[in-house]
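Participant: What follows is a predicted structure for the sequence shown.
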Amino acid sequence: TQLMVQEARALRAVPGDRLASFITRPEIGVEYSRDWLSEQPVGKLDEQTRCLAEALYFEARGESVRGQFAVAEVILNRVDSALFPDTVCGVIHQGTGRKYQCQFTYTCDGHPDTIANKAAFDQVSRVARVMVAGAPRRLTDGATHYHTRAVNPRWARVYPRTATIGVHHFYRKPTQVSQN
């Protein structure tokens, strides 16, 4: 019963609209192809969707459609994790302000964040819109971290790899078991 009380307390701490989004979102059918994606609307982006689109532009615009969706999954998996901020913009800008001490390098590398390729931004905006609307996250098996094959961060030695898509490896934080 103690576990049930703890779970009920945790559920009460989740804002009502966020909790409802877990329950009421219908599954969106997604095809990981440029043709399918080009049929999706771009339109005006709300703040959270714009943050995700910008992150995808700077982190994955050269990736395949699958690779872009996979990076979006990681960001949204972090939003859903208690270990990270609970908004897309919060996750993306976590640590920004300290050079190279942020979660997403483009936010703290000192270079201007200029979107120069409108076609690429339109594509990642479509990915962002579909993902924020509730598309299934089935590419990375719950990954909360990723890196390019060009680097080998220390944490990657202990985090289980869940997928490799394009030039990115995806990982999930290992399960921690408490000890008495």
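Facilitator: Here it is on my side, so go on.
Participant: going forward, measure contacts and count neighbours with C-alpha atoms only.
Facilitator: OK.
Participant: Assign a three-state SS to residue 3, would you?
Facilitator: helix (DSSP: H, G, I helix; E, B strand; the rest coil).
Participant: what about it, distance to residue 10?
Facilitator: 11 Å (C-alpha to C-alpha, to the nearest Å).
Participant: same check, this time on residue 35
Facilitator: For residue 35, the distance to residue 10 - C-alpha to C-alpha - is 42 Å.
Participant: what's the answer for residue 59, then?
Facilitator: Residue 59 is 33 Å from residue 10, by C-alpha to C-alpha.
Participant: Show me which of these two is the more surrounded one.
Facilitator: Taking neighbours as other C-alpha atoms under 10 Å, residue 59 and residue 10 compare with residue 59 leading, 18 against 10.
Participant: Helix or strand next in line after the helix or strand of the chain with the lowest mean pLDDT, which one?
Facilitator: When the helices and strands of the chain are scored by mean pLDDT, DSSP states H and E, helix 16-24 comes last with a mean of 64. Where DSSP states H and E defines the elements, the next helix or strand beyond helix 16-24 is helix 34-38.
Participant: tell me the SS of residue 164?
Facilitator: On the basis of three-state DSSP, residue 164 is classed as strand.
Participant: tell me which residues form a beta bridge with it?
Facilitator: Note on residue 164: beta-bridge partners residue 169, judged by DSSP bridges.
Participant: State the distance from the residue nearest the centre of the chain to residue 61.
Facilitator: The residue lying closest to the centre of the chain (C-alpha atoms, centre = their mean) is residue 75, at 1.5 Å. In this view, residue 75 and residue 61 are 15 Å apart by C-alpha to C-alpha.
Participant: Now do the helices in the protein.
Facilitator: 2-13, 16-24, 34-38, 47-60, 65-80, 88-92, 118-132 (DSSP state H).
Participant: Tell me which of those helices is the most buried.
Facilitator: helix 65-80 (a mean of 23; mean count of other C-alpha atoms under 10 Å).
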